[in-house]
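S.K.: Okay, structure incoming, though there's no sequence with it:
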Ligand code: SF4
Ligand SMILES: [Zn+2]
Ligand SMILES: [Zn+2]
């Protein structure tokens, strides 16, 4: 089965299809020897993972993804017993898959005799980026998900914290839309987690995202970004730990998880992503993966095992040495004023000068040659 992100369109394409977002949407074609069997229980498989030469029935597929995420978290020491975690949710397949996996793990922990890793299902935090209809739909989707499962949800509006939503902030000229969006996500998620006493922020970056970022960083030999490209960024004074539990899970797998679990997610891409070079890297890697299943994972895994530790040894100390509190907000930064406060000040100055109040249409912000990854969860 060719890997692509299964979604509502797949379900609609099936003759006599079940309602959108059901597991039938990912049923693989039958081989000459009949349908493939689930490797775990021998029932007919509906999800086949060519890169991993394996196939699952619906319940076993959910179990497979949950186990993979649990292993990734345990091996990366992402969450320690008794810690409070918050999941950054965007309404997309990755973050909702992650939130569902963690909420399910917390429920299982509660019925287990072992002391729970998660004492309660984790809260979610949604950053409202102020990107018109797209943000409105994303927020509704996240709120529906949280309400249906009784999960606590916090909402932080970028416009309230920065002085403008992402399109207008991009118009101020300081950075591309994705540039200002990425730094706002990092800054605001950290500020929120610190204020609310969370120990770790978990984000939905998947393997496709991480491999594409890696390719971009390698092509530019950006050693500092390569050094920082780890599944866990440990906390230190003023910075809450950040971790990526889906770092070994592909985009296709998270989409399939949502379809199988009946999770409604926002399928459309952010309108501001157009033209971002990250998408080109992602597409290149997807084509390589089609020819050589498993290559994307090998590329990323090899980097984490072989090169990243060397970069950490060489550059880690020197990077930490340059940090000081921002003169405006106190967040650790290398300059006198952090990038977030600089953008906020620039926006305030434009407002005072009577400029920049007019909102932008999606995608119209200035862009540098290569933007950061257009991820939903920062
Ligand atoms: S594509 Fe992603 S990073 Fe860029 S503006 Fe949209 S949500 Fe933000
Ligand atoms: Zn099975
Ligand atoms: Zn600041």
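M.R.: Structure received. Fair warning: this is a prediction, and the values are worked out from it, not measured in the lab. Numbers count the residues shown, from 1 in each chain. Ligands and ions are numbered 1, 2, ... in the order given.
S.K.: going forward, measure contacts between C-alpha atoms and count neighbours the same way
M.R.: OK.
S.K.: now do the same end-to-end measure for stretch 81-92.
M.R.: Using Cα to Cα, to the nearest Å, one end of stretch 81-92 lies 28 Å from the other.
S.K.: Can we start the residue count at 55 from this point?
M.R.: Sure, I'll start numbering at 55, so the last one becomes stretch 135-146.
S.K.: buried set for it?
M.R.: Applying a neighbour-count criterion of 16 or more other Cα atoms under 10 Å, one finds 138, 139, 140, 141, 142, 143, 144, 145, 146 buried in stretch 135-146.
S.K.: just stretch 180-192 next, same as before
M.R.: 180, 181, 182, 183, 184, 185, 186, 188, 189, 191, 192.
S.K.: Can you list the strands that the helix or strand containing the first one pairs with?
M.R.: By that I understand residue 180. Residue 180 is part of strand 177-182 when elements are defined by DSSP states H and E. Partner strands for strand 177-182, per DSSP bridges, with pairing direction: strand 139-143 (parallel), strand 207-211 (parallel).
S.K.: what ranges do the strands span in this structure?
M.R.: For the chain, the strands defined by DSSP state E occupy 101-103, 108-110, 139-143, 177-182, 207-211, 254-256, 286-287, 295-297, 378-379, 386-387.
S.K.: Let me know the average pLDDT across the fourth one.
M.R.: Averaging pLDDT along strand 177-182 yields 98.
S.K.: ok, residues contacting that strand?
M.R.: Contact partners of strand 177-182, identified using Cα atoms under 8 Å, 6 or more residues apart in numbering, comprise 139-144, 153, 189, 193, 196, 205-213, 239, 243.
S.K.: Burial check on residue 267, number of neighbours?
M.R.: Applying other Cα atoms under 10 Å, we find 23 other residues in the vicinity of residue 267.
S.K.: you'd agree it is up against residue 330?
M.R.: No. With contacts counted by Cα atoms under 8 Å, residue 267 stays clear of residue 330, the gap being 11.7 Å.
S.K.: Report pLDDT for residue 165.
M.R.: Residue 165 is assigned a pLDDT of 70 by the prediction.
S.K.: okay, and the helix or strand of the chain with the least pLDDT?
M.R.: Every helix and strand of the chain was ranked by mean pLDDT, DSSP states H and E. The lowest is helix 62-67, at a mean of 38.
S.K.: how about the strand holding residue 180, does it reach ligand 1?
M.R.: No. Among the residues of strand 177-182, none lie within reach of ligand 1 under Cα under 6 Å from any ligand atom; the closest is 9.7 Å away.
S.K.: Now for residue 217: which residues touch it?
M.R.: So residue 217 contacts 398, 401, 402 (Cα under 8 Å, 6+ apart).
S.K.: Please apply the same query to residue 286.
M.R.: Contact criterion Cα under 8 Å, 6+ apart gives 130, 132, 295, 296, 297, 298 as the residues in contact with residue 286.
S.K.: Check residue 95 too.
M.R.: Residues touching residue 95, when contacts are defined by Cα under 8 Å, 6+ apart, comprise 111, 114.
S.K.: do you know how far it is from residue 106?
M.R.: Distance from residue 95 to residue 106, by Cα to Cα: 17 Å.
S.K.: Likewise for residue 367?
M.R.: Relative to residue 106, residue 367 is positioned 32 Å away (criterion: Cα to Cα).
S.K.: what do you get for residue 91?
M.R.: According to Cα to Cα, residue 91 stands 15 Å off from residue 106.
S.K.: Same question for residue 267.
M.R.: Per Cα to Cα, residue 267 is found 22 Å from residue 106.
S.K.: One more: residue 361?
M.R.: 24 Å.
S.K.: of the two, who's got more company?
M.R.: Taking other Cα under 10 Å, residue 361 and residue 106 do not tie; residue 361 has more neighbours (13 against 9).
S.K.: Report the contact partners of the more buried one.
M.R.: With Cα under 8 Å, 6+ apart as the criterion, no residue contacts residue 361.
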